[in-house]
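K.L.:
requesting a structural model of the entry that follows:
(one chain, ligands or ions: 1)
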Amino acid sequence: MSDAVRINNPSATGEVRAHGAHVTAWTPAGGDPVLWLSPLADLSLGSAIRGGVPVCFPWFGNGPGDAYEPKHGFARNATWTVVERTDECVRLRLTDADVADLPGRDRWPHAFTLELAVCFGTDLLIELTCTNSGDTPFSYGNALHSYFAVDDVRQTTVAGLGGASYRDKVSGGSDVQDGPIRFTGETDRVYESVADAVVDDGTRRIMIIKTGSADTVVWNPWQDKAAKMSDVPDDAWPHLVCIEAANAPGHEITLAPGASHALSQRIKVPERSAQPS
Ligand code: TA6
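P.N.:
Numbers count the residues shown, from 1 in each chain. This next block holds a predicted model:
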């Protein structure tokens, strides 16, 4: 039985899966798909789906000290529960009771409730809320690891991060972004920035408006790394770029018992002639 919830309303079509609370598609009415999903993505329960919007929790990457497994935490490998569905929105929930047997859970043994609300309309709105349901404080990292479809990443720019400092995970160094980002090779950067970003591939712009996120991660594997990824076709890498609303290592969120934090992103595709608002 498929774990996919499909939405088809006058403003958009879309899909979110119970597996990982993973948004795998969003197409605004009259437009093209905005998210990139690999044709080789493994959609079987328990695996990490390549493309769409993976949910990273309770750590980003390999977490504090680069020491945690599995990469990007266990939430994307878990089976969430669909708790509400309307014509436009879906709400899914994951609690500590659902992840007892998952790899990585022993590294982060806290009591939590995680909810992902997604609304498929003219905009795509995704909000990830974590509540500390235990009786001691905890810290965690997270990300909405969004894959966007672009014509060719080599002709694509990302605006909004000029002046932000970043950690370059390819070179191991750090730098400050000068103007829009352009892609000339493997790119894997963690920008310290709360700013919104605009992807422009020359054909359309995609705006990513975020809240509750201290970092923006920008990633494209380029040719050699993509060739080593079994779930990415060899010729697919030019057609994707990840812009991720994140709280990466160093920017973990600490929640007291009963407290909540929300990470959200609103994705907009403005008309070519219109100014983004
Ligand atoms: O967010 C960028 C990144 O951490 C990269 O280092 C890259 O490996 C990517 O995520 C994909 O990670 P995954 O575990 O989904 O293969």
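
K.L.:
which ones are touching the residue nearest to D201 when sequence neighbours are not counted?
P.N.:
Among residues not flanking D201 along the chain, V150 sits closest, at 4.0 Å (Cβ to Cβ, 6 or more residues apart in numbering). All C-beta atoms are positioned from the backbone trio N, CA, C, and that covers glycine. Contacts for V150 (Cβ atoms under 8 Å, 6 or more residues apart in numbering) come out as 36, 156, 199, 201, 238-241.

K.L.:
let's see the pLDDT reported for V150.
P.N.:
V150 is assigned 98 on the pLDDT scale.

K.L.:
in strands only, show me the contacts of V150.
P.N.:
199, 240-241 (DSSP state E).

K.L.:
scan the residues you listed and report the most crowded one.
P.N.:
V199 (26 neighbours; other Cβ atoms under 10 Å).

K.L.:
these two touch, right, it and V241?
P.N.:
Yes: taking Cβ atoms under 8 Å as the definition, V199 is a contact partner of V241 at 6.3 Å.

K.L.:
identify the contacts common to the two.
P.N.:
Common contacts of V199 and V241 (Cβ under 8 Å, 6+ apart): 148, 150, 156, 158.

K.L.:
dump these into a markdown table; add distance to the ligand as well.
P.N.:
Putting the shared contacts of V199 and V241 into a markdown table (distance: Cβ to the nearest ligand atom, whole Å) gives the following:
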| residue | distance to the ligand |
| --- | --- |
| F148 | 13 |
| V150 | 16 |
| T156 | 17 |
| V158 | 14 |
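
K.L.:
taking the stretch 101-250 of the chain, what residue is nearest to the ligand?
P.N.:
Nearest to the ligand in the stretch 101-250 of the chain, going by Cβ to the nearest ligand atom, is W219, at a distance of 3.9 Å.

K.L.:
now do the same contact list for that residue.
P.N.:
Neighbouring residues of W219 by Cβ under 8 Å, 6+ apart: 187-189, 241-242, 244.

K.L.:
burial count for the residue lying closest to V158 once chain neighbours are set aside?
P.N.:
Sequence neighbours aside, I181 is the residue nearest to V158 in space, at 4.1 Å (criterion: Cβ to Cβ, 6+ apart). If you count neighbours by other Cβ under 10 Å, I181 ends up with 23.
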